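**Q** Mind folding the following:
(chains A and B)
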Amino acid sequence: MNLHLLLVTACMVLATFLTRAAMLLVGRSKPSPRVEAALRFAPVCALAALIAPAIVVRSGTVDLSLGNPYLVAAVAATAFFLWKRSMVGCIVVGMLVVTAFRFGAHG
Amino acid sequence: MSTAWRAELLRGARAAAPAAPGIVAWGLVTGVAMVKSGLAVEWAIVITVLVYAGSAQLASLPLIAAGQPFWMVGLAAFVTNLRFVIYSASLRRWFEAYSRWRRAVLGYFTGDFTFAMFMERVTREGEFAHRDAWFLGACGLNWLVWQVSSIVGIVAATAVPSEWGLQFAGTLALLALAIPACLQWPTLAGAAVAAPVAVLARNLPLGLGLIVGMVAGIVAAILVDTLVARRQAEQPDERGRAA
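**A** Numbers count the residues shown, from 1 in each chain, chains lettered A, B, ... in the order given. So this is what the prediction gives:
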């Protein structure tokens, strides 16, 4: 038995449960209009903050050039999604661009 | 469990199905990354089954590999997961009617995709009946797909080449979720501010850059929302839509 990993796992389970369930179990029932507005806008802001670094940061530095496969893939995937409104299509187009870059780099 | 409850459970699972390819990719890559960073296969499986938080699991790997204290890994997981505090605060008014146990279960299984899809439906339809079943159906499918694919990733770690860039499929799935939410001026402004701020703040410790970007975006969105509301008061036919 690995005590360190057991404690790590316990702490991570606690982190999962506290962040996801605590607000459903305790707290006021009616948020103020300001908090309500913040809650309405939070999801898309969190998504943008999660996605952007994954697209433009390459090995620690910001790469906004057309040589960044992930940036080109994200632009193509966004255009495809706005055209067809398909999540699977968006993923397929993005991965095709990344794969094309990979073979281009090797070829 | 009434027939109507089960029907909503299935509708929820069907609604979550389009996100499955992205979850599969994200799960596979998380599983592979856990083992490749040095975790034993059995511990990787225990962590993925119980912790059930892809971004937190990925964030914890370098800390575990560096032998950081357990509370530091827990804190990193907590901060990486802070967005769920906001999600669950948004969910509260829709789940208030349910028992404490049911709310705890609904909360534990919340995911990024299922939250966004649920909010989209309640925004359209309000307090629809058996929304707990719909939510559990969506989260249940999400959970199952995540567990199977991350365990496959863990077991097959040596066979999946990391050059496939499978983690990026998860990012693309999140992108497809964000775009339709950005089609209004306040949310577009929020995303346009949150993205560069998160990029600039990416080197803050414990994944705090995500929180900083998110908060900056929310402030921008509220400012634009106030401006749009003011303009609407002057021109009643303007609806504040960007597209």
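
**Q** residues contacting the residue most central in space within chain B?
**A** Nearest residue to the geometric centre of chain B (C-alpha atoms, centre = their mean): B:D112, 1.9 Å. With contact set as C-beta atoms under 8 Å, 6 or more residues apart in numbering or on different chains, B:D112 has these partners: A:L47, B:R83, B:L174, B:L177. Heads up, the C-betas are built off the backbone N, CA and C, glycines and all.

**Q** Then A:A38?
**A** B:I86, B:I218, B:I222.

**Q** how close does the residue nearest to the centre of chain B get to B:G54?
**A** Distance of B:D112 to B:G54, given as C-beta to C-beta, to the nearest Å: 9 Å.

**Q** same thing with B:A129?
**A** As judged by C-beta to C-beta, B:A129 and B:G54 stand 31 Å apart.

**Q** Now stretch B:95-108: average pLDDT?
**A** Mean per-residue pLDDT for stretch B:95-108: 93.

**Q** starting at the chain centroid, how far to the helix or strand hosting B:I86?
**A** Assigned by DSSP states H and E, B:I86 belongs to helix B:83-95. With C-alpha atoms, centre = their mean, to the nearest Å as the basis, helix B:83-95 stands 12 Å off its chain's centre.

**Q** Show me what it is packed against.
**A** Judged by 3 or more C-beta pairs under 8 Å, 6 or more residues apart in numbering or on different chains; DSSP states H and E, helix B:83-95 is in contact with helix A:3-25, helix A:33-56, helix B:100-108, helix B:112-125, helix B:131-155, helix B:208-234.

**Q** now do 7 Å
**A** Helix B:83-95 sits against helix A:3-25, helix A:33-56, helix B:100-108, helix B:112-125, with contacts defined as 3 or more C-beta pairs under 7 Å, 6 or more residues apart in numbering or on different chains; DSSP states H and E.

**Q** who are the neighbours in contact with A:L50?
**A** By C-beta atoms under 7 Å, 6 or more residues apart in numbering or on different chains, A:L50 lies in contact with B:L174, B:L210.

**Q** Quick check: of the contacts of A:A38, which has the highest neighbour count?
**A** Highest neighbour count within these, by other C-beta atoms under 10 Å in any protein chain shown: B:I218, with 24 neighbours.

**Q** how near is it to chain A?
**A** Taking C-beta to the nearest C-beta, to the nearest Å as the measure, B:I218 falls 5 Å from chain A.

**Q** so that residue touches B:G190, yeah?
**A** Yes. Between B:I218 and B:G190 a contact is recorded at 6.2 Å, counting by C-beta atoms under 7 Å.

**Q** Give the residues shared as contacts by the two.
**A** A:F41, A:C45.
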